[in-house]
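J.: let me see the structure of the following:
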Amino acid sequence: MARLTKPHREAESEMSIPTAVPQKNPADAPHTGLEGVIAARTELSDVDGRAGVLTVRGYDIEELAGNAAFEEVAHLLWHGALPTATELRELQGRLSGYRRLPEETSVAIELAARRMPPMDALQFIVGSLIADDPDPEDESREANLMRAEKLVARVPVIVAGYHRLRSGQSVLEPREDCSLAANFLYQLLGKEQPAGEIRGLDTYLVTVADHGMNASTFAARVIASTASDMYSAVTGALGALKGRLHGGAPGPALQMIEEIGTPDRAEAWMRDAVASGRRLMGFGHRIYKVRDPRAEVLYQAAEALADETGEQQALALAREVERAGVQVLAESKPGRNLNTNVEFYTALLLREIGLPQDLFTPTFAIGRTAGWTAHVLEQQATGRLIRPQSEYIGPRGLRYIPVSQR
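T.: A predicted model of the protein is given here:
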């Protein structure tokens, strides 16, 4: 593989001396949580929280989810256009070929399955994927596209293998004759799954593939901006996704729905939960001030699956829980605009497909790996070292006192 030289970038390091030091205005408050701070220009996705619109490479998410396969959306994110039939066939062939893991990764899965919970395991294992990189020093776009494809192909294989081993089952060899979603369910559950469940999972993966400058994506771009490698960036993103304020809500949302149990209990349960200060899982979002557009997409996917399986009871319960939750939150917290978010119907859909609750966040990571790797590619091509400033509010002028005098 030919080595391409990187474009020249202005040197930036901790030793750089600025030509001018901006004067602080004591009245200026720091941007806590970085609200309102634009950290990058991107062509990948945009979140309009007030209008409730998620745009991915020019397409509203409702245009992609349920229509485009996950592999098509991965190509869209990496290349800026949906693939032709030939391009899609070639991409599917490469992804299928990448499903076989390096020996080092298989060993890491065995260790993790004995000792680690799912997200810790996934972060630990993904770092081992560098083992069969043909040239880790090659930072050309060609080489990084190959790494992006390998990561997208292999994260589902890792999650499935980990789950099989921790459950005392044998790991199944990946299939090369089916889609990413179909192969994941086959390796996870041990048999070929119905078309409706494969379609439901594929829709979910498309829905979560990218979502603006969220915490894990920002973590990936920060790591990429240091000229680190793509495996490290994705490993760091997984660390951010593990946090309960980012990727950890679908499981608790399902527990809430199951605890409510029947539609007639929904409103009273919600009122009691709000009165006692409990958080309603699956409601509210940092960005969206209206219903999360992904919630509608996933509701439709859950509805289509229910129509196919005949299991309408769970969907009817979820609809009533959503209605009651939105109403109670609007009355008790006026002006907060706490609407249903992506986690609410994620929980229902993934359960009906057959996934255990503690694999909901790792399955989110399967879809989001496409977005993370696309952001790494974009950062490597156009970005510079991400190095924000901080405002020091601690003491000054302290003098050292020998330990014997303290």
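J.: only C-alpha atoms for contact and neighbour calcs from this point on.
T.: Will do.
J.: the chain: strands as residue ranges?
T.: 45-48, 53-56, 59-60 (DSSP state E).
J.: what's the local residue count around the closest residue to residue 219 other than its chain neighbours?
T.: What sits nearest to residue 219 in space, not counting adjacent residues and going by Cα to Cα, 6 or more residues apart in numbering, is residue 237, at 5.5 Å. A total of 25 residues lie near residue 237 under the criterion other Cα atoms under 10 Å.
J.: of the strands of the chain, which approaches residue 388 most closely?
T.: Evaluated over the strands of the chain, closeness to residue 388 peaks at strand 45-48, with 22.0 Å, by Cα to Cα.
J.: can you work out which other helices and strands pack against the closest one?
T.: strand 53-56 (3 or more Cα pairs under 8 Å, 6 or more residues apart in numbering; DSSP states H and E).
J.: contacting residues for residue 92?
T.: 71, 179 (Cα atoms under 8 Å, 6 or more residues apart in numbering).
J.: read off the pLDDT value for it.
T.: Residue 92 carries a pLDDT score of 98 in this model.
J.: and it, how far is that from residue 190?
T.: 22 Å (Cα to Cα, to the nearest Å).
J.: same check on residue 339?
T.: Applying Cα to Cα, the value for residue 339 to residue 190 is 37 Å.
J.: which of these two has more residues huddled nearby?
T.: residue 339 (22 against 15).
J.: my guess is the more buried one meets residue 291, correct?
T.: Yes: at 5.0 Å, residue 339 counts as touching residue 291 under the criterion of Cα atoms under 8 Å.
J.: ok now stretch 69-79, how far from the chain's centre?
T.: Computed by Cα atoms, centre = their mean, to the nearest Å, the chain-centroid distance of stretch 69-79 equals 15 Å.
J.: residues touching it, excluding its own?
T.: Under Cα under 8 Å, 6+ apart, the answer for stretch 69-79 is 44, 56-57, 64, 81-83, 88, 91-92, 145, 180-181, 202-203, 205-206, 209, 367, 370-371, 373-374, 377.
J.: if we can go back for a sec, out of the strands of the chain, which is closest to residue 278?
T.: The closest of the strands of the chain to residue 278 is strand 45-48. By Cα to Cα, the value is 28.0 Å.
J.: what about the closest one, distance to the chain center?
T.: For strand 45-48 - counting by Cα atoms, centre = their mean - the centre lies 15 Å from the chain centre.
J.: same check, this time on stretch 319-334
T.: That offset, for stretch 319-334, works out to 27 Å (Cα atoms, centre = their mean).
J.: buried ones in that stretch?
T.: 320, 321, 322, 324, 325, 326, 327, 328, 329 (16 or more other Cα atoms under 10 Å).
J.: now do that stretch, average pLDDT.
T.: The model assigns stretch 319-334 a mean pLDDT of 89.
J.: now do stretch 122-136
T.: 96.
J.: could you do stretch 398-406 as well?
T.: The model assigns stretch 398-406 a mean pLDDT of 96.
J.: can you give me the end-to-end span of that stretch?
T.: Termini of stretch 398-406 sit 14 Å apart (Cα to Cα).
J.: please apply the same query to stretch 206-214.
T.: First residue to last in stretch 206-214 (Cα to Cα) measures 16 Å.
J.: how far off centre is that stretch?
T.: That offset, for stretch 206-214, works out to 7 Å (Cα atoms, centre = their mean).
J.: quick check: longest helix of this structure.
T.: Ranked by residue count under DSSP state H, the longest helix found in the chain is helix 141-166.
J.: counting contacts, what elements does that helix pack onto?
T.: Partner elements for helix 141-166 (3+ Cα pairs under 8 Å, 6+ apart): helix 85-97, helix 103-115, helix 118-126, helix 180-189, helix 230-241, helix 360-382.
J.: can I get those helices in TSV with distance to residue 267?
T.: Output for these, formatted as TSV (distance: least, Cα to Cα, whole Å):
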stretch	distance to residue 267
helix 85-97	46
helix 103-115	40
helix 118-126	34
helix 180-189	35
helix 230-241	31
helix 360-382	26
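J.: and residue 174, which of those is closest to it?
T.: Between these, helix 180-189 lies closest to residue 174; by Cα to Cα that is 6.5 Å.
J.: and the closest one with helix 141-166, angle?
T.: Helix 180-189 and helix 141-166 are oriented at 30 degrees to each other (axes from the mean of the first three to the mean of the last three Cα atoms, to 10 degrees).
J.: packing partners of helix 180-189?
T.: Looks like helix 180-189 contacts helix 70-79, helix 141-166, helix 195-207 (3+ Cα pairs under 8 Å, 6+ apart).
J.: so which of the strands of the chain is nearest residue 219?
T.: By Cα to Cα (comparing all of these), the closest turns out to be strand 45-48, at 16.2 Å.
J.: how about low-confidence regions in the stretch 251-400 of the chain?
T.: For the stretch 251-400 of the chain, no stretch has pLDDT under 70.
J.: now with 80?
T.: 251-252, 281-282, 284-291, 337, 340-343, 383 (pLDDT under 80).
J.: so what's residue 330 up against?
T.: Here residue 330 is in contact with 336, 337, 338 (criterion: Cα under 8 Å, 6+ apart).
J.: can you tell me which of the residues you listed is closest to residue 48?
T.: residue 337 (14.5 Å).
J.: what's the closest non-adjacent residue to that closest one?
T.: residue 289 (5.3 Å).
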